[in-house]
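Student: 3D model of this:
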Amino acid sequence: MAGKKGIVSNDAFLRSMQANTQKATEEVSETLKKVSVRSAVGKGRKELEYRDIEEMKPAPTDWNRYPLLKNDQPEHYLELKMSIYERGIENPLVLWERNGEIMILAGHNRWEICREIIDECQTESSFDEQKFRLLPCIVYEDDEITEEQAKEIINDTNLYRDFSKLPNKIKIQITKDRMEV
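Tutor: Residues are numbered from 1 along each chain as shown. Below you'll find the model as predicted:
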């Protein structure tokens with residue numbers, strides 16, 4: 001593979017992608033553990049549920065200012081897509097069931113990738129659509145968290161993102177939000 005800095009072998013590229021994906025996955029897992037424990041204090045740990053991707057909708061854009069990896073960091077997006085295709089969803093999405101709707105708080109990229117995989121692969125004879133349709137989730141009920149806690153979950157689970165690649169306006173707003181917290 002040729003790039004601006006010279007030639008990189010496919011094996012080296014794939015090893016690098018796998019290492020980056022694994023590191024990001026571990027960081028998100030640790031964040032989710034902290035978030036789920038903090039948000040469910042006194043109520044015990046949340047049970048893992050499997051929800052259909054068609055039931056979910058993204059959080060409002062003014063809550064989730066982080067661009068999808070597809071648009072912002074395409075190399076990480078492809079790494080994640082390859083990982084999900086090979087192993088499925090390894091970290092649950094975090095959802096909030098509010099006012100009869102199921103909002104994604106954490107997992108927008110995973111949700112989008114699963115939708116893409118279904119669209120791209122559904123005609124393959126050995127394709128297991130359920131693996132990408134029914135996703136593992138931690139679901140909060142309407143009265144379990146507040147709107148502020150929901151926004152915190154969105155911000156906390158995006159800490160692994162490359163902050164330097166975010167637009168300046170978003171960096172400033174996130175920094176202000178973090179200082180207020």
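
Student: Report the contact partners of Ser126.
Tutor: Contacts for Ser126 (CB atoms under 8 Å, 6 or more residues apart in numbering) come out as none. For every residue, glycine as well, the C-beta is placed using N, CA and C.

Student: Thr61 versus that one, what's the distance?
Tutor: According to CB to CB, to the nearest Å, Ser126 stands 37 Å off from Thr61.

Student: What of Glu148?
Tutor: Using CB to CB, one obtains 17 Å as the distance from Glu148 to Thr61.

Student: and what of Glu112?
Tutor: Where Thr61 is concerned, Glu112 sits at a distance of 14 Å (CB to CB).

Student: what about those two, which has more around it?
Tutor: Remark: of Glu112 and Thr61, Glu112 carries more neighbours, 19 against 9, as counted by other CB atoms under 10 Å.

Student: Nearest residue to the more buried one in space, ignoring adjacent ones along the chain?
Tutor: Leaving out its chain neighbours, the residue that sits closest to Glu112 by CB to CB, 6 or more residues apart in numbering is Leu68, at 6.1 Å.

Student: surely the one you found meets Ile113?
Tutor: No: using CB atoms under 8 Å, Leu68 is not in contact with Ile113, being 9.5 Å away.

Student: what touches both of those two?
Tutor: Tyr77.

Student: Would you mind telling me which of those two has more residues around it?
Tutor: Ile113 (24 against 16).

Student: correct me, but that one touches Glu79?
Tutor: No: in this structure Ile113 lies outside contact range of Glu79 using CB under 8 Å: 10.6 Å.

Student: any shared contact partners between these two?
Tutor: What both Ile113 and Glu79 touch, as defined by CB under 8 Å, 6+ apart, is an empty set.

Student: Now the one helix or strand Ile117 maps to: buried residues?
Tutor: Using DSSP states H and E, Ile117 sits in helix 108-121. Residues of helix 108-121 classed as buried: 108-114, 116-118 (neighbour count, 16 or more other CB atoms under 10 Å).

Student: pLDDT at Ile153, what is it?
Tutor: Listed pLDDT for Ile153 reads 91.

Student: nearest spatial neighbour of it, skipping sequence neighbours?
Tutor: Leu105 (4.5 Å).

Student: could you pull out the strands for the protein?
Tutor: Assigned by DSSP state E, the chain shows strands spanning 2-3, 6-7, 48-52, 56-58, 93-98, 101-106, 134-140.
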